[in-house]
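S.K.: Sequence first, predicted model second:
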Amino acid sequence: TQLLEQSPQFLSIQEGENLTVYCNSSSVFSSLQWYRQEPGEGPVLLVTVVTGGEVKKLKRLTFQFGDARKDSSLHITAAQPGDTGLYLCAGRDDYKLSFGAGTTVTVRA
Amino acid sequence: GAVVSQHPSRVICKSGTSVKIECRSLDFQATTMFWYRQFPKKSLMLMATSNEGSKATYEQGVEKDKFLINHASLTLSTLTVTSAHPEDSSFYICSANNLESHEQFFGPGTRLTVL
């Protein structure tokens, strides 16, 4: 199993601030997915990045995939309380996903 | 996005009983489904890969006889926790692989509590 490291583990910010979550690995992945999970629910897919250097925007969320396809970042602009949750990155190798440990984001009103 | 359902969402059982959890892909066919276990405030741990029409592939350290997996059709996989004990209490999540998009979609999870 390939390991993905996520940082920071916890993040607590005020509404309106920006935040960035990082996902790093020493291994190359064919694609990388970001999920958001709320307590008691399954993870919900936010985005899939496939191409090295790719940048995808989803409203206030910006996702980057590193040129070498080993790392990724998630940036949230002007965070809102609704962005609170556990953010998970997952690298795809063949058909399996390897998950990072997750970043718990809390946005205070 | 694709929809994956799980049933039941919550189950409480006595120690020693068996519990079956169903995972269904509602709007696409999935030859491969996955079963994960998640502890509080932790990430997902892959338990096994469920393959339609063949035996499941278990991750290291996961007991095959304890966690029985059956992938009877292209839209249904079941996980049976046999002779459950309190240490089996956890949040179990399944996912299904969409062959066309190569993305995994997750079910809402099943909270198992063994008394």
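M.R.: Cool, got the structure.
S.K.: from the chain's centre, how far out does stretch B:36-53 sit?
M.R.: Distance, stretch centre to chain centre, for stretch B:36-53: 7 Å (Cα atoms, centre = their mean, to the nearest Å).
S.K.: Send me that stretch as PDB with only the CA atoms.
M.R.: Coordinates of each C-alpha in stretch B:36-53 appear next as PDB, following Å, rounded to 0.1, in the frame of the first residue of the first chain:
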ATOM      1  CA  TYR B  36     -13.600  -0.100   4.300                       C
ATOM      2  CA  ARG B  37     -13.600   0.300   8.000                       C
ATOM      3  CA  GLN B  38     -13.300   3.700   9.700                       C
ATOM      4  CA  PHE B  39     -12.600   4.400  13.400                       C
ATOM      5  CA  PRO B  40     -13.600   7.800  14.900                       C
ATOM      6  CA  LYS B  41     -11.800  10.700  13.500                       C
ATOM      7  CA  LYS B  42      -9.600   8.400  11.400                       C
ATOM      8  CA  SER B  43      -9.200   7.700   7.700                       C
ATOM      9  CA  LEU B  44     -10.600   4.800   5.800                       C
ATOM     10  CA  MET B  45      -8.900   1.500   6.100                       C
ATOM     11  CA  LEU B  46      -9.400  -0.900   3.100                       C
ATOM     12  CA  MET B  47     -10.600  -4.300   4.300                       C
ATOM     13  CA  ALA B  48     -11.200  -6.100   1.100                       C
ATOM     14  CA  THR B  49     -12.000  -5.900  -2.600                       C
ATOM     15  CA  SER B  50     -15.200  -7.500  -3.700                       C
ATOM     16  CA  ASN B  51     -15.100  -8.900  -7.200                       C
ATOM     17  CA  GLU B  52     -18.300  -9.900  -9.000                       C
ATOM     18  CA  GLY B  53     -18.400 -13.600  -9.700                       C
END
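S.K.: lowest confidence element among the helices and strands of chain A?
M.R.: Least confident helix or strand, chain A: strand A:96-99 with a mean of 88, by mean pLDDT, DSSP states H and E.
S.K.: which helices and strands does that one pack with?
M.R.: strand A:85-93, strand B:44-51 (3 or more Cβ pairs under 8 Å, 6 or more residues apart in numbering or on different chains; DSSP states H and E). Placement of C-beta: from N, CA and C, glycine included.
S.K.: Repeat the analysis, applying 7 Å as the threshold.
M.R.: strand A:85-93 (3 or more Cβ pairs under 7 Å, 6 or more residues apart in numbering or on different chains; DSSP states H and E).
S.K.: can you give me the angle the strand it packs on makes with strand B:44-51?
M.R.: Inter-element angle recorded for strand A:85-93 and strand B:44-51: 50 degrees (by axes from the mean of the first three to the mean of the last three Cα atoms, to 10 degrees).
S.K.: got the contact list for strand A:85-93?
M.R.: A:2, A:4, A:6, A:21, A:23, A:25, A:29-38, A:43, A:72, A:74, A:97-100, A:102-105, B:43 (Cβ atoms under 7 Å, 6 or more residues apart in numbering or on different chains).
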